[in-house]
Every structure is written in C-alpha cells, then in structure tokens.
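# Coordinates only, no sequence provided:
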C-alpha cells in the first residue's frame, strides 16, 4: 500500500490527510509513505506519521517513509522526533532477506549510516567547540571509509560525493583548522544528501546521483579558497562580552495537548533552540495513540533535551516565549556534564567509534541459541544439585546420566560460542571479483571468477588472516595461471579463463580451493630455477611432489619478469606461513595445460582440537583426531629400508613412509628395529606412518600457542595442558611427515 | 613445590632490583620484570631447540618456556632438583611481552641501589655475553651484574652458529 503525502504536512492539512487514511485498517504487511513531495512538515504531521507506524506495527506490518529532500524527514538533527521515524527498522530487514549479498549490503549500509552519524556528530562538535584534532580526524576517517565501502559495492555516486567532502576535510586536517560556519553547513548538507542516497539504497532502489546543488556547493568550496577557523590557542579575544562560557543545560519540554491549536509548532521551537548551540535529546512518543484513537490536532510527544550553549539564559528561554502557558517547561543546568567533560566524551566517543575492529556483528539467532543452551545447562546443574542433596543415598546411575548430560551441554555450549565468532567466508571473498576484473583488464586477459560455498562459516580471526593469502592466490591465478586469450584459443580452450574460489566444511576443517583452468605450473621452469638457486643439485631429478612443494619456497618465482603484481617470489612462502600459523595446511596440484588447484585446509576453531593422544618414550603427544587413519601393530615382513635413511611400510597394497617420531622429537634413539605401534595419518604429503609406543585417549584439548611466550618450533603446532596438569605437545602432522631437510635445525629462526 | 609471590614494594619501583646467585656470581634484574618465583617442576622438553631451553611448563594455564641460565651463559651445567629456583620474568620484545622462567641457583634479596651505584660494565671476559649486561651494581658492599632481561630472553634473534642442539 502506498500513501502519498502532499507538499504541506502541517496542522492545517493534517486533519485532511488523516481522513484520507483507513484509520481502522486493514493494514497490509508493508505500507510505503511517499514523502518526496513534502516541503513543510511540523510536529502535527510527524505525529501523524508516528501514529501510522504504530498502527501498522500493531497489525504486524511495517511502515516505511520514503523521504524527499525535506531534511526533517530523514536526518533532521534539530528534531529528535524524526530520527526515530525515518530509519526503517533494521532487525526486520535482516530477518526478511536471505542471500549473502543482502547480508553484506545490510552491513555496508549499517556501516555507512554509522559513519554518517559520526560525521554529523563530529561536525556539530567542531562547530560548537572549535578545532579538535582527534574529532576532525575521526570525521575524515569516517568519510574515507564510507568512500571505500561504497567503492567496494560499486555505488559510484556515493564515492564521488564523499570524495569531495573528504578532500575538504583532508585540507582542514592538514592546516589544523576547524571548518568555518559556511563550510560546516555545506558538509552537513553533504551528510544529509548521503543519508538520502543511503535510504534509497536501503529501500531496495539503485543509487541515484547526488543532488547537483550540494555537489556544486562542495566543488565551489574546493576551488575557491575558504576560511577555516584555526586552533583556539591562537588566542583570539572574544568580541561578545555578554557570552557566558559554554555550559550544558537540561531542558524538559512537554507541550500541552492543545498547544498546536494556537498555531505553535514544537518543531519550529526546537529549530530555534538548536541555533543556540548543540542540541541533542530524545523524544518520548509513547503516548501517541494509534490512528483509530488519534486526534490529529493534539500533540502527545514530549522532549528531553541537552543543550550545550554559550548563549545567556534569556536567549535560551526566547523560543518558548509564545508557549509558556501551553506547556510544561524546565530549563536547568546539567549537573553531571561540564563543557570540558562534554568535549572529552565527544572525543572519546569519536575515538572508540573508530576502533571497532575488535568487534563482531552477531546474528540474533546465534545469541538466542546460546541462551537456550545456557538454559539447558542450568537445568542439568540443578538436576545434579538435587541428586547430591543426600550424598549417602546417591543414585549412581542417575548421577552418571546427569554427568553425561552435563558433558553434552558443555560441548554444545562450546560449539555455539565458537560459532559466535564465525562469519561466512563471503566476507573474505568480497574483494575478489573487483580484483579479478581489474587485473584481467590490465593484463588484457579474459578471466571469469566463480565462487561457491560463500555461506560456509569460518572463525573471524582466521577469516581476517586469510584475506591477504586469498588475494595473493587469486592474483597468481590470473597473472600466471590463466593464459592470454590467443594462447587459450590455440590450445583449444575457451577464451575466457575461469578462476574458481570455493569453500566447504570437511571433517572438522574448512577447505578452501583456489583453482584456475590455465596452463598449469611449469615444473621444468621451477626445476631450472631451483637448480640455478642451488636449492636442488644440478644432476638431481626431483619428484613431481618435490617440485610442486618448491612453489612455496621463498625467493622462487618463475615469472619471466617482475611485474608490480607478482613475480618477486616473496609471496607463496608467506602465504604458507600465514596458513600454518593458523593451524592449517596448503597444498597444490597441477596438470599441464589443464590448470592448477591450491587447497587450503583450516581448522574450524582456533582454540579447541579433537585430539588423539599417544606416547613416545615417556612423553605424551597429541595430533588432530581428524588426521588419524588407523593404528596397527606392524608386521616385520612389511618393513622395508630404502636407501640409508628412508623406511617404508607395506600397508595393504601401497608403501607408505615410516617416520621415527622418537628420533624426530629428540628422544633417545631406541635401537631401531620394529616399532611397537604404527599410527597411520593423513598429511599434506600423503599418508604416513608414525612409529609410536602406546596409544592413549581421544579427547578434546585446548590449544595453547607456543608463540605467545616462546616462538614457533618446527614440527610442533602448539601445546596443551592435560588433566594431570602436565604439558603435552601438539604435533604438526604435515611438517613431521615431510622428510627432514638440512635447514630444519636450531638455527631456523621463527 | 613451593610458590612464593613477590609482593609490591612501597617505594619507587624503578630503583629496586632482585638479586640472585648463579655459580659463584651474583646477578640482578629489575624488580618490575619479575612476575613471581617458583620451585622447580620438570618441564616438557621441546625438540630442535637450543640446549639452554629446558622446555615448557604450565603456569596456571599459560605455556611458559624455561631457560637454564647456566647453559645460557655457557657455564657448567648442574642437575635441577628440589632446591632449584625458577624466577618467572616478563621480557619485552619489539611489540609484546613474554613470560619466561629462568633457572637460578638461589634467590637473594631485593636491593635498592643508591644514585649512581650502577656503572657501565667492564670487560667481563667470558663470564657473561656483554649483550645481556646493563651494568654493574654495587649495593651494600656487594657487586651484582645487572642483566638486560629483554635481550636475555629474546628468542627471535638468530643464534650464532656453534651452539649445540639438544643431543639425545
């Protein structure tokens, strides 16, 4: 249902408008109020809109105001009544829309609006208190991130407009000056305009170009010199002798119900008040009745305001002069906040707003789930308390059952809490489409990016740390992997190369694959380069796996020339190290002419591991349960030596390498011979058998980092504290599975 | 195993030092760097680390490496037993703090050296690597070698070749 408002929504016309609406319903799920023609609106009009919202909401629907240019309707800073009106309810939108793109867009819009809020507050603060370096910086930063976010989402008009504002702010920053009144006004208009553009987006529309008027004003400021107000410390004496020092006043304004009938508009009064300083506050519109009971000529809203001003009391009372008998008014000095404190809290707020990198947005359903689980935990706990009431007559069976239940509750709670930190990988993929497009254009190749599994969830920290490696791998795929269109045509392939990035859950890991259908990794070139660098001997013929592994070797790049994109050979080893530091693996597979696939496995959570414990000598070690294939007592007939060092075991029909863990981990050398037990594990290098002495429990362990107080130790992924308080090492299966290299000794720094 | 907590001294912290004994020499560290003093627990040994790193222990849920100062200084190593003391120190490296335990023979007392009591170190010969020494402190007729906790416990610096690994 669409309701169109006329140009004047004021007391005079409100009754008419009211009569044209179906006050008693029925109201559909969505009511759109088209306010684009509105030129004037007063408190009566706004109250009508509030009443409408309430009415529609109580019928289970939602009323949305599509605003025009009337500032009051979307970002009016002088009329707190409105702010609450024009922003569509966020939680409703989140639950209605699925699809990752919508989720991302919502986050983008939320951040945009937060940024605009910040800019607005900051600009107002600068107007009121003069130059404050940190506030100006935070306004600039907010503009900058709005520009960046809009750029990522391809909203060019927002980018363009914000860029102009950013230019002015940057200039002010460099000159250590606060914006003058004129500049401030234009900047605030820009913020409003951005708000309108954002609202249009939020409503599902496309981004309209910015208002020509605002753009022209901004441009005008940039090209012609303008004044900034320098720091107060330059000691300008105050002209206005009667100006009192800036102070904070608390104002309660409750118009009587019939106040508007005498022609007085509370909004106009508030606008007057706002001219005297910085006005903030809330509107209590709870007493506004639903449409069916509303008398549109009566006003039911009250305001609680904070005014920070240096004007004398007489001037603050002035706006209320005409309505003194028609309202309850109290103006008092605000005890809690002095102007200095106000300034300090402004700055603090500006600062803390900027530093929200250490926070996570969590879907409410995850929190609800947590609340449920805690509820179940509490129930189990009370069962146990009940059972323990009389220890002498303890029912063992019931207690065991309750303890098992406790274990289940704990595990569920633990999983759920971990999930709170998880975000869909889509956030990590967000930069990639643009990257592929830009790079392909630059290199004159045709490349298409395909993504899959964007909704796969991953721990926030892991995701953040994976962002750069992903970019690096995709860059390589486009730069080195996919061939030029002519070469592809000649090889009988489609001109358009495909780079695919996918994510999925697999046995306690998240598997991310970056694949391209290009020419594959040129193994012979790698071998040649490696020989030239002395990494492999001149006459050695290394195995395919070894050559593939060399892709991760620092300094090795087979790019013919170093472009600014890649080719310096410093990338892949860093990528591998980053992934290993997260407790993951990266492997590569490649087929000449067909393409290359990088497979990254990352643990689902950073902190907890389902582990298999075992003993070698008198030390206990842990490996991820997910890497265990089987355990067996070795048959001496199947043990083979190959060369002086390598040992193989024949497992059914294949030979797998045997790793003498005791030796690798610095234990005393047992007298060779038959290992007591073989633990067959999966690693990046394929299946491998660890020689161990005894298998112990399977249990969850909390991963503690060695790097925190020490440094990374090759072969060790971390440590954990066992039930007996002792420390057990968590082994890096893939590192131990690889054959020992000469450089893996104590001289290897972190 | 005992655990003695070092309590906060009332006076100005920058000038207080904890002194301890190693072989026949007395050493000192800034009291602000001392977190606590513990008895000895057998650490879990780490593979492929320098011989002066005895391993890691569980300190109330945190993994803390244990450094044998005797071996670090290249002195004659002694077995660690029930009377061995571990001083848990906070070392600062580049961007973060580390908690590390060091094995010493015995802990002496907290001294408050007077102004100018600290002199730059002379050539101490082969006693201690000069990298680790901040100076010489004289207090109550005793001379202690003031150690630089941060360089002493800097694990990120690549060691000079020639150091032996832990031999099985």
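Received the coordinates, thanks. This one's a predicted model, so the numbers in the text were calculated from it and none came from an experiment.

# what packs against the longest helix seen in chain A?
What stands out as the longest helix in chain A, according to DSSP state H, is helix A:100-129. Identification of packing neighbours for helix A:100-129 by 3 or more Cβ pairs under 8 Å, 6 or more residues apart in numbering or on different chains; DSSP states H and E yields helix A:90-96, helix A:133-152, strand A:177-179, helix A:181-202, strand A:277-284, helix A:339-354, helix A:426-429. The way it works is simple: take the backbone N, C-alpha and C, and place the C-beta from them, glycine included.

# Could you report the neighbour count for the residue in the stretch 551-700 of chain A positioned nearest to chain B?
Closest approach between the stretch 551-700 of chain A and chain B, counting by Cβ to the nearest Cβ: residue A:666, at 3.9 Å. By other Cβ atoms under 10 Å in any protein chain shown, 18 other residues sit near residue A:666.

# what's the closest non-adjacent residue to it?
Counting by Cβ to Cβ, 6 or more residues apart in numbering or on different chains, residue B:47 is the residue found nearest to residue A:666 once chain neighbours are left out, at 3.9 Å.

# which ones are touching the one you found?
Residues in contact with residue B:47 (Cβ atoms under 8 Å, 6 or more residues apart in numbering or on different chains) are A:664-666, A:713, A:715-716, B:166.

# Secondary structure element for residue A:700, which one?
strand A:694-702 (DSSP states H and E).

# average pLDDT across that strand?
Strand A:694-702 shows a mean pLDDT of 88.

# Could you give me the buried positions within it?
Within strand A:694-702, the residues that qualify as buried are A:696, A:701, counting by 16 or more other Cβ atoms under 10 Å in any protein chain shown.

# cool, stretch A:200-218 as well?
A:200-202, A:207, A:210-211, A:214-215, A:217-218.

# if we can go back for a sec, out of the contacts of residue B:47, list just those in helices.
Using DSSP H, the contacts of residue B:47 in helices are residue A:664.

# would you list the contacts of residue B:47 in JSON lines and tack on distance to residue A:160 and pLDDT?
What follows is those, written out as JSON lines (distance: Cβ to Cβ, whole Å; pLDDT from 0 to 100):
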{"residue": "A:664", "distance to residue A:160": "60", "pLDDT": "86"}
{"residue": "A:665", "distance to residue A:160": "61", "pLDDT": "88"}
{"residue": "A:666", "distance to residue A:160": "63", "pLDDT": "82"}
{"residue": "A:713", "distance to residue A:160": "52", "pLDDT": "84"}
{"residue": "A:715", "distance to residue A:160": "54", "pLDDT": "85"}
{"residue": "A:716", "distance to residue A:160": "53", "pLDDT": "89"}
{"residue": "B:166", "distance to residue A:160": "64", "pLDDT": "35"}
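
# just the contacts of residue B:47 now: which is nearest residue B:136?
Nearest to residue B:136 among the contacts of residue B:47: residue B:166, at 32.7 Å, using Cβ to Cβ.

# Off-centre distance for the longest helix of chain A?
15 Å (Cα atoms, centre = their mean, to the nearest Å).

# List the buried residues in it.
Neighbour-count burial for helix A:100-129, counted by 16+ other Cβ under 10 Å, picks out A:100, A:103-106, A:108-113, A:115-129.

# and it with strand A:277-284, angle?
Between helix A:100-129 and strand A:277-284, the angle comes out at 130 degrees (axes from the mean of the first three to the mean of the last three Cα atoms, to 10 degrees).

# Name every strand pairing with the strand holding residue A:700 and say which way it goes.
strand A:608-616 (antiparallel) (DSSP bridges).

# outside of the strand holding residue A:700, which residues touch it?
By Cβ under 8 Å, 6+ apart, strand A:694-702 touches A:411, A:607-615, A:620, A:622, A:625, A:631, A:676-677, A:679, A:720-722, A:728, A:730.

# change it to 7 Å
Contact with strand A:694-702 is made by A:607-615, A:620, A:622, A:625, A:631, A:677, A:720, as judged by Cβ atoms under 7 Å, 6 or more residues apart in numbering or on different chains.

# Can you say which of the residues you listed are buried?
A:607-609, A:611-615, A:620, A:622, A:625, A:631, A:677, A:720.

# Now the two most distant members of these.
It's A:607 and A:677 that sit farthest apart of those, by Cβ to Cβ, at 29.3 Å.

# And the residue most central in space within chain B, its phi and psi?
Most central in chain B under Cα atoms, centre = their mean is residue B:102, positioned 4.7 Å from the mean C-alpha point. Taking degrees, to the nearest 10, you get phi -120, psi 140 for the backbone angles of residue B:102.

# Then residue A:3?
Torsion angles, degrees, to the nearest 10, at residue A:3: phi -110, psi 130.

# Next: residue A:276.
Main-chain dihedrals, residue A:276, degrees, to the nearest 10: phi -90, psi -10.

# Check residue A:653 too.
phi -110, psi 0.

# mind listing what it touches?
Contacts of residue A:653 by Cβ under 7 Å, 6+ apart: none found.

# Residue B:144 now?
Taking Cβ under 7 Å, 6+ apart as the test, what residue B:144 contacts is B:19, B:26-28, B:137.

# Among these, which are located in helices?
Among the contacts of residue B:144, no member lies in helices (by DSSP H).

# By neighbour count, which of these wins?
Counting neighbours by other Cβ under 10 Å, residue B:28 comes out on top of the contacts of residue B:144 with 26 neighbours.

# For stretch B:134-141, what does the pLDDT average out to?
Across stretch B:134-141, the average pLDDT comes to 81.

# Can you mark which positions in it are buried?
B:134-137, B:139.

# what residues does it touch?
By Cβ under 7 Å, 6+ apart, stretch B:134-141 touches B:17, B:28, B:111, B:113, B:117-121, B:143-148.

# got it, and stretch A:148-167?
A:105, A:108, A:111-112, A:140, A:143-144, A:146-147, A:187, A:190, A:193-194, A:197, A:201, A:207-210, A:215, A:218-219, A:222, A:430.

# how far does it sit from the chain's center?
Centre to centre, stretch against its chain (Cα atoms, centre = their mean), the figure for stretch A:148-167 is 19 Å.

# In a strand, the residue nearest to residue A:666, correct?
No - counting by DSSP: H, G, I helix; E, B strand; the rest coil, one finds residue B:47 to be coil, located in no strand.

# residues near the residue nearest to residue A:531 when sequence neighbours are not counted, how many?
In space, and not counting its chain neighbours, residue A:531 is closest to residue A:538: 5.6 Å by Cβ to Cβ, 6+ apart. Burial of residue A:538 is recorded as 7 neighbouring residues (other Cβ under 10 Å).

# Sweet, I'm off.
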